[in-house]
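Undergrad: Pasted the sequence and its predicted model underneath.
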Amino acid sequence: MVVASPPRILISHPGRQHSHQTALALAGAGMLAGYWSGVPSIASHAKWVPARYRRRYAMLPLAPEQARTAAWTPALRRVTDRLPRPLSSRADFLACRLFDRWVAAGLARAQARGAKAVIACEISALDTFRVAKRLGMLTLLDAPSIHHLAQDRVQPTLDPAGLHRRLARVKDAEVALADHVLTVSELARKSYIEAGVPPESVHAVTLGADPELFTGDVEDLQRHDGDPFVFLFAGAWIRRKGADLLLDAFAQTVGACPSARLRIVGPTGDAATLLSGVDPRIEVVGPLDQPALARELRRADCLVLPSRHDSYGMVVVEALASGTPVLVSEMVGAKDLVEEGSNGWVVPLGDVAALAQRMLWCVANVSAVRAMRPAARRSAEQATWESYHRRVVKLLSELVGGRGDSADMASRPRGAVA
C-alpha cells in the first residue's frame with residue numbers, strides 16, 4: 001500500500017498578522033513548502049533587523065530552507081509612517097505590490113521544490129496568482145478583512161480616491177484569480193458571499209490566542225466592590241474601531257456614573273486628535289507588549305470594542321481568555337464567541353445610545369459583571385492556537401489534497417469537486 005505524502009503549500013505575507021500561525025500549523029503537518037514574509041521569521045534573518053523592531057516578533061522553529069524574508073517591505077512602511085496619510089497609504093500599497101512581485105518571481109522555484117498551492121495575502125497576491133495559474137498551482141487568498149464593498153458601506157475611506165479605486169481593482173482581480181478565499185470569521189465570509197463569491201469557495205477559519213499568556217494567575221481576576229469599574233479599549237485608536245463612538249458613549253456613562261473609568265491601550269491613529277483634553281477619568285496608556293496587555297486585560301472589568309468593522313478582533317479572544325467580559329459591535333467577527341449576558345454583549349453598529357446604555361448597566365451591576373469572569377474564561381478554551389492549527393490543517397488538506405495533481409485542480413471551475 002502506497003501512502004500519499006501530504007500536499008505542500010507556500011505561504012506568503014508582506015507582514016505577519018496570523019500567517020505565522022498558519023505556517024506553524026502546516027510545518028507540524030509536513031505540509032509547509034515555504035514561508036515567505038516581510039517580517040523576519042528565523043534567527044539568521046533577524047540579525048539584519050534593528051533590535052527595537054526585532055523584539056516585536058518571535059522567531060519561528062522553521063528550517064532555514066523553508067523561510068525567506070523581504071525585510072525591505074516593512075522597512076518601507078515604517079519609513080513612511082510619519083508622512084501625511086495620502087503619501088503613507090501610497091507607500092504601503094507600493095510595498096505590498098513590490099512584495100507580490102518578489103514572491104511571483106520565486107514561485108517556479110517553490111513549485112520545483114514541491115509546492116502545490118500558494119496562500120497569498122490580499123493586495124500582495126495579484127502577480128503571485130497570475131504566475132501560479134500559469135504553473136498550475138492552486139491559489140488561496142488570505143483575506144484578513146471583510147470584503148471592500150462591505151467596508152465602504154459602513155465607513156467612508158480615508159485613502160485618496162484614486163488610490164482607493166486602485167486598491168479595489170487589485171482586490172477584485174485577486175478574488176477572481178483565487179480558487180478559494182480564506183477568511184477569519186463568518187462575518188467576513190458572508191461579506192464575500194454577498195459580494196458574489198460562490199459560497200463553496202469561501203471558508204472561515206477562526207483564530208486563536210495564547211491561553212497561558214492571557215489566563216494568568218487566578219488572583220489577578222479578583223476585583224473588589226469598592227474598586228472603580230474599568231472599561232478597557234485595546235487596539236489601534238482609529239475611527240474604524242469606533243474610537244469616536246466609544247468616547248461619546250463613555251461621556252454619557254460618566255455623566256450618570258462618575259466612578260467609571262476608561263483605559264485606552266494601543267497605538268494612536270486617525271482618531272488621535274479626539275484625545276486632546278479628554279475627561280480625566282480616561283487614561284491613555286499607549287502601546288504595550290503582549291505580557292503587559294495581558295495584565296491590562298486581567299485588571300479590567302470589561303473590554304469595549306465598538307468597531308465599524310473588524311474582520312475578527314483578536315483582542316476579544318484575549319480578553320475572554322483573561323476572564324474579562326466583552327462588549328462589541330455586531331461588526332466584530334469574534335462576536336460569535338459572545339454568549340449574551342454570560343460572557344459579554346453585542347450592540348448594533350454605530351448605536352452610541354445602545355452602547356452607553358450597556359456601559360451604564362455594567363457600572364450599575366458591577367457584581368454581576370465580575371461574576372461573569374469564569375464563564376468568559378471557559379468560552380475561550382476552544383479558541384486557542386492549537387485548535388486553529390487543527391482546523392486550518394484539516395481545511396487545507398481537503399482543499400489541496402486528494403484532488404489529483406495541481407494542474408488538474410487549477411483547471412476546474414471555482415468550487416468544482418472531483
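TA: Yep, that arrived.

Undergrad: Can you pull the poorly scored residue ranges out of the stretch 301-418 of the chain?
TA: 402-418 (pLDDT under 70).

Undergrad: could you pull out the strands for the stretch 151-300 of the chain?
TA: 180-183, 202-204, 230-234, 261-265, 282-286 (DSSP state E, counting those that start in this stretch).

Undergrad: which residues make contact with the third one from outside it?
TA: Identification of contacts with strand 230-234 by CB atoms under 8 Å, 6 or more residues apart in numbering yields 241, 243, 246, 250, 253, 260-266, 293, 296-297, 299-305, 315, 318-319, 324, 327, 359, 362. Heads up, the C-betas are built off the backbone N, CA and C, glycines and all.

Undergrad: for the stretch 151-300 of the chain, what are the low-confidence residue spans?
TA: 216-225.

Undergrad: Look at stretch 32-41 and report the distance between its end residues.
TA: Length of stretch 32-41, first residue to last, CA to CA, to the nearest Å: 14 Å.

Undergrad: Pull out the buried positions in it.
TA: Neighbour-count burial for stretch 32-41 flags 32, 33, 34, 35, 36, 37, 38, 39, 40, 41 (criterion: 16 or more other CB atoms under 10 Å).

Undergrad: for those, which one is nearest residue 16?
TA: When these are ranked by distance to residue 16 (CB to CB), residue 39 comes first, at 4.4 Å.

Undergrad: State the distance from the closest one to residue 215.
TA: Noted for residue 39: a distance of 27 Å to residue 215, by CB to CB, to the nearest Å.

Undergrad: for residue 83, same thing?
TA: Taken as CB to CB, the span from residue 83 to residue 215 is 40 Å.

Undergrad: Looking at these two, which is more packed in?
TA: Neighbour totals were compared for residue 83 and residue 215, and residue 215 leads with 19 against 12 (other CB atoms under 10 Å).

Undergrad: how about the more buried one, what does it touch?
TA: Going by CB under 8 Å, 6+ apart, residue 215 touches 321, 322, 323, 377.

Undergrad: Also residue 8?
TA: 31, 32, 33, 114, 115, 116.

Undergrad: That one bridge partners, please.
TA: Under DSSP bridges, the beta-bridge partners of residue 8 are residue 115.

Undergrad: List the contacts of the helix or strand encompassing residue 22.
TA: Element membership of residue 22, judged by DSSP states H and E, is helix 19-28. Here helix 19-28 makes contact (CB under 8 Å, 6+ apart) with 9, 11, 13, 32, 35, 37, 39, 41, 60-62, 66, 119, 121, 142, 207-208, 385, 388-390, 392-393, 396.

Undergrad: about what we covered before: quick one: which of the contacts of residue 215 sit in helices?
TA: When the contacts of residue 215 are checked against helices (DSSP state H), the matches are 321, 377.

Undergrad: so residue 360, which of the three states?
TA: helix (DSSP: H, G, I helix; E, B strand; the rest coil).

Undergrad: roughly how far apart are residue 23 and residue 104?
TA: Counting by CB to CB, the gap from residue 23 to residue 104 is 19 Å.

Undergrad: Of the two, which one has the most company?
TA: residue 23 (27 against 21).

Undergrad: What sits closest to that one if chain neighbours are left out?
TA: residue 35 (4.0 Å; CB to CB, 6 or more residues apart in numbering).

Undergrad: Relative to residue 71, how far out is the one you found?
TA: Taken as CB to CB, the span from residue 35 to residue 71 is 14 Å.

Undergrad: and what of residue 118?
TA: Using CB to CB, residue 118 is found at 21 Å from residue 71.

Undergrad: Tell me which residues touch the closest residue in space to residue 18 that isn't next to it in sequence, please.
TA: Nearest-residue entry for residue 18: residue 207, 5.5 Å, with adjacent residues in sequence omitted and distances by CB to CB, 6+ apart. Contact analysis of residue 207 by CB under 8 Å, 6+ apart lists 18, 21, 184, 312, 314, 317, 383, 388.

Undergrad: for the residues you listed, which one is nearest residue 98?
TA: Distance to residue 98, by CB to CB, is smallest for residue 18 among the contacts of residue 207, at 22.3 Å.

Undergrad: Alright, calling it a day.
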